[in-house]
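> got a structure for you, letters missing:
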Ligand SMILES: NC(=O)c1ccc[n+]([C@@H]2O[C@H](COP(=O)([O-])OP(=O)(O)OC[C@H]3O[C@@H](n4cnc5c(N)ncnc54)[C@H](OP(=O)(O)O)[C@@H]3O)[C@@H](O)[C@H]2O)c1
């Protein structure tokens, strides 16, 4: 596999992590609900990622629920000292697979305990508050009560660092007034660039920005421009989308999700892609065309 160090590192909490990480959401069953279709393969993907140098894994106890964290524990525990596992708090799953807000102080404490038990940890490396005002996109509204509750849990030592997800720029600022924020995790990719200004602000502050759905998530990115640029550099469209993100800003950390060893290998190989300037200009046009 490619040497992922070529893509560089960025600060996440109190460690420098490789900019190529891994998102574990695809390891749960269909609809992120229930066990993996192939548990052995899920374990193999996690071990291959870490063997290739991945030291940043994104997860949540509401993937499955519980199952994804249990698979991570089975695959990787005892964990390498350099591995940073980032989780999300603030939701639970209904019996029908629905995503339900769970943001009271008791809910959040239970969420931490679930993560610690299922991952087999004494403390969470990084916990993102998953803002649930609107499940699908950031929407304004105070997050002070929820973030304050997480800051209390951080003071108790069961969370080491805090981040925030699905948040507006105002909510990021509100959180920063309560406790240090080490990462922001929002929807962003070559076709969805609503967070451009926020990314630049966070870069100036040395804070990591971790795009979710870097490949489009449940609706994979499709664009003639993306395919054309990919063909011109001898890469796949998905690799090109990831290479564009790496190029976009040094504080962007990638967590593409996959349940496939082949796709994992393709995603990590992006570390070796150096996008020519004319390719970047063409790719920048994708979001302008859809704006
Ligand atoms: N904070 C939040 O609210 C939030 C929301 C969603 C996700 N997340 C996190 O963000 C991570 C990334 O998002 P995501 O996994 O939903 O979406 P994604 O990374 O944008 O895309 C994943 C999809 O792309 C496919 N894929 C991956 N690599 C590929 C490749 N090289 N070629 C072709 N297809 C490829 C995967 O299928 P295969 O399995 O077949 O490869 C899967 O269908 C998640 O794993 C999760 O940790 C956070």
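Nice, thanks for sending it over. Predicted model only: the values in this text are computed from it and were never measured. Residues are numbered from 1 along each chain as shown.
> low-confidence ranges in the stretch 151-291 of the chain?
Across the stretch 151-291 of the chain, residues meeting the criterion (pLDDT under 70) sit at 290-291.
> try it again with 90
288-291 (pLDDT under 90).
> got the residues of it near the ligand?
165-166, 185, 212-217, 220, 236, 238, 255-260, 263, 266-267 (C-beta under 6 Å from any ligand atom). Glycine gets a C-beta too; all of them are placed from N, C-alpha and C.
> quick one: residues contacting residue 4.
Counting by C-beta atoms under 8 Å, 6 or more residues apart in numbering, residue 4 makes contact with 18, 20, 52-54, 268, 271.
> output those as JSON lines; include the columns secondary structure and neighbour count.
As requested, the contacts of residue 4 are arranged in JSON lines below (DSSP: H, G, I helix; E, B strand; the rest coil; neighbours: other C-beta atoms under 10 Å):
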{"residue": "18", "secondary structure": "strand", "neighbour count": "23"}
{"residue": "20", "secondary structure": "strand", "neighbour count": "29"}
{"residue": "52", "secondary structure": "coil", "neighbour count": "20"}
{"residue": "53", "secondary structure": "coil", "neighbour count": "16"}
{"residue": "54", "secondary structure": "coil", "neighbour count": "23"}
{"residue": "268", "secondary structure": "helix", "neighbour count": "27"}
{"residue": "271", "secondary structure": "helix", "neighbour count": "24"}
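> taking these together, which two end up most distant?
Maximum pairwise distance in the contacts of residue 4, criterion C-beta to C-beta, is 10.8 Å, between 54 and 271.
> list the residues that contact both of those two?
Common contact partners of residue 54 and residue 271 (C-beta under 8 Å, 6+ apart): 4, 20.
> quick check: which element contains the closest residue to residue 103 other than its chain neighbours?
If the residues on either side of it in the chain are set aside, residue 103 comes closest to residue 146, at 4.7 Å by C-beta to C-beta, 6 or more residues apart in numbering. Here residue 146 sits within helix 144-155, counting by DSSP states H and E.
> work out the gap between that helix and the centre of the chain.
Relative to the chain's own centre, helix 144-155 is displaced by 21 Å; criterion: C-alpha atoms, centre = their mean, to the nearest Å.
> ok, stretch 26-37 next?
The chain centroid and the centroid of stretch 26-37 are separated by 17 Å, computed with C-alpha atoms, centre = their mean.
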